[in-house]
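> below are the sequence and a predicted model; questions follow.
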There are 2 protein chains.
Amino acid sequence: MVTVEWRRSVALTGTVVKYLTVAMLVPLGVGVVYGEDIGVFLLSMLVTLALGLLLERVGSAGDLGPREALLFVSLSWFLIPLVGTIPYLFGDTGTIAHPVNALFESVSGFTTTGATVMGTISVEQHSHAIMIWRQLTQWLGGMGIIVLMVAIFPEVAVNGAQLIESEAPGPELQRLTPRIAETARLLWLFYLGFTVLYVVLLLALHYGGLAPEMGVYDAVAHAFTTLPTGGFSPEADSIAAFSPAVQWLVIPFMIVAGTNFALFYYLLQREYGSFFENREFQAYIGANVVVTLVLFVLLYLGSAPTLELGGQTQGVLENSLRQAAFQVASLLNSTGYATSNFADWGTTAQIVLLFAMFIGGSAGSTGGGVKIIRWLVVLKSIRRQLFTTANPNAVKPVRLGGFVIDEEVIKAIYGFTLLYLLLFGLSAVLIALDAGRHPNIELTTLEAVSASVATIGNIGPGFGLLGPFGSYIDFPWTSKLLMSFLMLIGRLEIIPVLVLFTGAFWRR
Amino acid sequence: MVTVEWRRSVALTGTVVKYLTVAMLVPLGVGVVYGEDIGVFLLSMLVTLALGLLLERVGSAGDLGPREALLFVSLSWFLIPLVGTIPYLFGDTGTIAHPVNALFESVSGFTTTGATVMGTISVEQHSHAIMIWRQLTQWLGGMGIIVLMVAIFPEVAVNGAQLIESEAPGPELQRLTPRIAETARLLWLFYLGFTVLYVVLLLALHYGGLAPEMGVYDAVAHAFTTLPTGGFSPEADSIAAFSPAVQWLVIPFMIVAGTNFALFYYLLQREYGSFFENREFQAYIGANVVVTLVLFVLLYLGSAPTLELGGQTQGVLENSLRQAAFQVASLLNSTGYATSNFADWGTTAQIVLLFAMFIGGSAGSTGGGVKIIRWLVVLKSIRRQLFTTANPNAVKPVRLGGFVIDEEVIKAIYGFTLLYLLLFGLSAVLIALDAGRHPNIELTTLEAVSASVATIGNIGPGFGLLGPFGSYIDFPWTSKLLMSFLMLIGRLEIIPVLVLFTGAFWRR
Ligand SMILES: [K+]
Ligand SMILES: [K+]
């Protein structure tokens, strides 16, 4: 007997969809400024509003139980990208006017993946309005639309804690204040604050003469996709289109985007210890530094040829360091920007980047992947296992930063990490098999593997044809649907989606 | 304070080394028959005996505690391959006369990996005696030298259960009879029985005219490397050197080699239920069938070009099925034989094979890899995690074949599986980095990844230059040492080796 009150979940999803109309005011405004696509967005807003109101009528919006909350989050994350396609379908958008491509691009946006199926990326061809909508999807999806709902409409927040649990990355949410709506509000305020600061700094570079190409539009567009570790750029050449000064500025903001935003609250409260002694933060910074140094040495010694985009690194100190630090910050935390066509680097350098792609951002950040904290718990648990092998009768808890980690949490993290790796591996095989059906696509192993990790990890670019200046356009539509699913479950951290496919969820 | 009675472990290791002299009677006998390398093996035996007696004098051979048992197993597995190099170093063996190469080849033998650094593989160049020693190392390492010791010398067996635990593959040993020495004896008898049966059947094919190339020497040599999932062949063309009839016969014996040998005891006891209803056995057969079918379809539809070794598969039913079934049985359970140069197949087919390489054989078999039973427990535990996500208050144990699996065992299996995957990934990066230091080696990702999984998984061949008819000879010596270590920890299932590197092991 189905006893999940799914109508309540559907109705609340309608509310979320309804408010997407408000978000579309941004591209509408841009459209008005540039005199482009005003009709497209007016029509899109009308359809979105109608759909939202319709869904709201499906059921009464009562309190959500734990299962209804799970269903609501998954349902919203299924419907939000669908709604996101509307402007692509109505606009004169070339390749992404095709429904499957539109879905892929929209899912890639909201999940902050940044993989693209656009043919040519340019504001001239696609209009400033469409392009800013594409950027905005990432910004909305980054900190999370449902977290935003909880922040703005506390009445949603009866089960706000679980809602945020399901949407926010990482195994557990750090509750900053007793009221969950307050926490949600703080997270979004930090997010907004960094976005504004970033725009200001980019424009300062611009008006200071250090970033001639970085005008207001580009500054806002890139702020919309840096803080959510999104990686979409309105420039075909991504960040390679901008000066070294811009590239150096983007790096720390990418690193911020992969940091647990809750930590900035401690910083603001002058609890510097809670900030700097946070084990995950230390490991995150440490991983960035170590992988950057390895890559820096490789690039300096000549592991990459001199490229049109990226320039010479062999024997060039500043460029080697910049390219290494940028690409590592970008791929480790799942942003996906590029300042060099790393798909043309030597295999050794590429394998180091592939390795970085499995690390992921921090819990409570907008970064994707397995997340640093899980790797920490996994490594510490394995070390404990070695200890108990030597001391079979000893009882030793796993600690992280002084706290004992519950054994159930350890099992859950183990399970998640393996499930992530299994889905990654299985999907790489499926993508290769699917490409094998099409005689005109000959994927390399690196391409198949990177397509899988770049989508489930919400990273975006991979190697070869799906490199940072490449596109997913040539994949068969079946692969595009599989990858859309991977992006979605990657963003929601798998479990909340897969649980809907179990019988146990629908029966009490 | 060091309180591990390491002298006892060393002394017992000396006993193991001492008895390796007896094993060298086999190549000595072959040398006498062919009039080759008699001096080499007499000298090798002398050195081995002397080393064994010397080590025995290090300490009194008292009872081994749990830690001493662990140390003994790891120490033996460190020294046995070293002793195994002696004939290579004394003989006129070309590339493997170099110490690092000799070590690699010997570790690859005893761990049943089957990766080779020989230049040209031929009995003419290396003598029948040296080649049969190479084959014999796999046979001895397959069911395990320490298991054999426990079987033959019950006085070793005071802590026999733990000795066998540490050496035998799989998370837990099925104890067939109350006395552990009896179990060890049964396992070795089945192993010996299948080896003899296999030789008889191969010779029956030979004298029946269906296998002109499979003479007595080849039959014994291949029996020494099929049952231990070893994969060494004295033929440069591996099993592609033999007729389709031989290839079809090898397949079921490879499958047997990856089966839990304890199950044959039930079969002998006419407990057919315990055999056929064994969950791991079902999954093992199922995995073989499914992956074979996928690969069969790919080959039949043309995923592989027509090769000199392997022939045409596109549109050829029998050859497609044979090539698929052979390569899957060989790589899934970690044997590493080949009947086709699968390194030249299409990427799709190669990725399917790469996937199969991560599955592994059964617990209690001679197969390597993660092992089927661990994947079963992992998948069932993940399913349980989905269930408890939907029912947070429910308590639900994980069952396998009717038995409840202990939560500590689940954690240990999770930990092992992740540790395996982490070491695999990290080693692939290190192998790529190391190759990157050498300007004349340009590894592809597939090569680096397959070098890592083929050694830690005790499989042997990979793709590209380390394909089934290729060689590991071109890797730098640093990579060869790393891979030797990987083969060793893969064979002992990591934990018993790594635990020696923890401080907790050496302190009480
Ligand atoms: K991204
Ligand atoms: K093998």
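Noted; the coordinates are in hand. Ligands and ions are numbered 1, 2, ... in the order given.

> count of neighbours near A:V497?
Residues lying near A:V497 (other C-beta atoms under 10 Å in any protein chain shown) number 20. C-beta coordinates here come from the backbone N, C-alpha and C atoms, glycine included.

> if I look at the residue in the stretch 51-200 of chain A that ligand 1 sits nearest to, how far off is A:P468?
Ranked by C-beta to the ion, the top residue of the stretch 51-200 of chain A for proximity to ligand 1 is A:G114, at 3.9 Å. Going from A:G114 to A:P468 by C-beta to C-beta, to the nearest Å gives 10 Å.

> joint contacts of those two?
A:336, A:461 (C-beta atoms under 8 Å, 6 or more residues apart in numbering or on different chains).

> helix or strand: which one has the residue nearest the centre of chain A?
For chain A, the residue nearest the mean C-alpha position is A:T112 (3.3 Å; C-alpha atoms, centre = their mean). Assigned by DSSP states H and E, A:T112 belongs to no helix or strand.

> so it sits right up against A:P228, yeah?
Yes. Using C-beta atoms under 8 Å, A:T112 is in contact with A:P228, at 4.6 Å.

> now for those two: what residues contact both?
A:138, A:141-142, A:366.

> can you list these in CSV and add distance to A:S340 and pLDDT?
Below are the shared contacts of A:T112 and A:P228 laid out as CSV (distance: C-beta to C-beta, whole Å; pLDDT from 0 to 100):
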residue, distance to A:S340, pLDDT
A:Q138, 22, 96
A:G141, 27, 92
A:G142, 25, 90
A:T366, 24, 87
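
> what pLDDT is listed against the residue in the stretch 251-400 of chain A positioned nearest to chain B?
Across the stretch 251-400 of chain A, no residue is closer to chain B than A:T348, which sits at 3.2 Å (C-beta to the nearest C-beta). Looking at A:T348, its pLDDT stands at 88.

> hang on, the earlier thing: which residues touch the residue of the stretch 51-200 of chain A closest to ligand 1?
A:108, A:138, A:225, A:230-232, A:335-336, A:458-461.

> neighbour-wise, which of these leads?
A:T335 leads the contacts of A:G114 on contacts (other C-beta under 10 Å) with 35 neighbours.

> where in chain A is pLDDT low?
Residue ranges of chain A with pLDDT under 70: A:1-2, A:61-62, A:154-162, A:165, A:168-178, A:508.

> residue farthest from the centroid of it?
Chain A, farthest from centre, C-alpha atoms, centre = their mean: A:N393 at 43.4 Å.

> confirm that it sits in a helix.
No. Assignment of A:N393 by DSSP: H, G, I helix; E, B strand; the rest coil gives coil, placing it outside any helix.

> check the gap between it and B:I180 for me.
21 Å.

> and A:T195, by the same measure?
A:T195 is 66 Å from B:I180, by C-beta to C-beta.

> higher neighbour count, these two?
B:I180 (24 against 21).

> right, and that one touches B:A151 too?
No. Counting by C-beta under 8 Å, B:I180 does not reach B:A151; the two are 9.5 Å apart.

> and the stretch 201-350 of chain A, which residues reach ligand 1?
Taking C-beta under 5 Å from the ion as the measure of proximity, the stretch 201-350 of chain A contacts ligand 1 at A:231, A:334, A:336.

> name the SS class of the second one, please.
What that stands for is A:S334. Recorded secondary structure, A:S334: coil (three-state DSSP).

> please apply the same query to the one 5 residues further on.
Under the three-state scheme (three-state DSSP), the conformation of A:T339 reads as coil.

> what do you get for A:I459?
From three-state DSSP, the assignment for A:I459 is coil.

> how close does the closest residue to it other than its chain neighbours sit to ligand 2?
Leaving aside its sequence neighbours, A:I459 sits nearest to A:S334 (C-beta to C-beta, 6 or more residues apart in numbering or on different chains; 4.6 Å). Applying C-beta to the ion, to the nearest Å, the value for A:S334 to ligand 2 is 37 Å.

> how far away is A:G302 from ligand 2?
Counting by C-beta to the ion - A:G302 and ligand 2 are separated by 37 Å.

> could you measure from that residue over to B:A325?
From A:G302 to B:A325 the distance is 45 Å (C-beta to C-beta).

> and the helix ranked longest in chain A with chain B, contact?
Taking DSSP state H as the criterion, chain A has its longest helix at helix A:407-436. Yes. Using C-beta under 8 Å from any C-beta of the partner chain, helix A:407-436 comes into contact with chain B via A:407, A:410-412, A:414-419, A:421-422, A:425-426, A:428-429, A:432-433, A:435-436.

> and stretch A:51-70, by the same measure?
Yes. Counting by C-beta under 8 Å from any C-beta, chain B has neighbours in stretch A:51-70: A:66-67, A:70.

> now do that stretch: everything it contacts.
Stretch A:51-70 has contacts (C-beta under 8 Å, 6+ apart) with A:4-21, A:72, A:79, A:83, A:158-159, A:162-163, A:166, A:496, A:499-500, A:505, B:389-390, B:392.

> follow-up on the earlier one: would you quantify the distance from the residue of the stretch 51-200 of chain A closest to ligand 1 to A:V246?
Counting by C-beta to C-beta - A:G114 and A:V246 are separated by 18 Å.

> cool, A:I372 as well?
27 Å.

> among the two, which residue is more densely surrounded?
A direct count of neighbours by other C-beta under 10 Å for A:I372 and A:V246 places A:I372 higher, at 30 against 23.

> tell me which element A:F296 is part of?
helix A:279-301.

> tell me what angle that helix forms with helix B:407-436.
Relative orientation of helix A:279-301 versus helix B:407-436 (axes from the mean of the first three to the mean of the last three C-alpha atoms, to 10 degrees): 20 degrees.

> list the buried residues of helix A:279-301.
A:279-281, A:283-284, A:287-288, A:291-292, A:294-296, A:298-300 (16 or more other C-beta atoms under 10 Å in any protein chain shown).

> do stretch A:419-429 as well
For stretch A:419-429, a neighbour-count test (16+ other C-beta under 10 Å) marks A:419-425, A:427-429 as buried.
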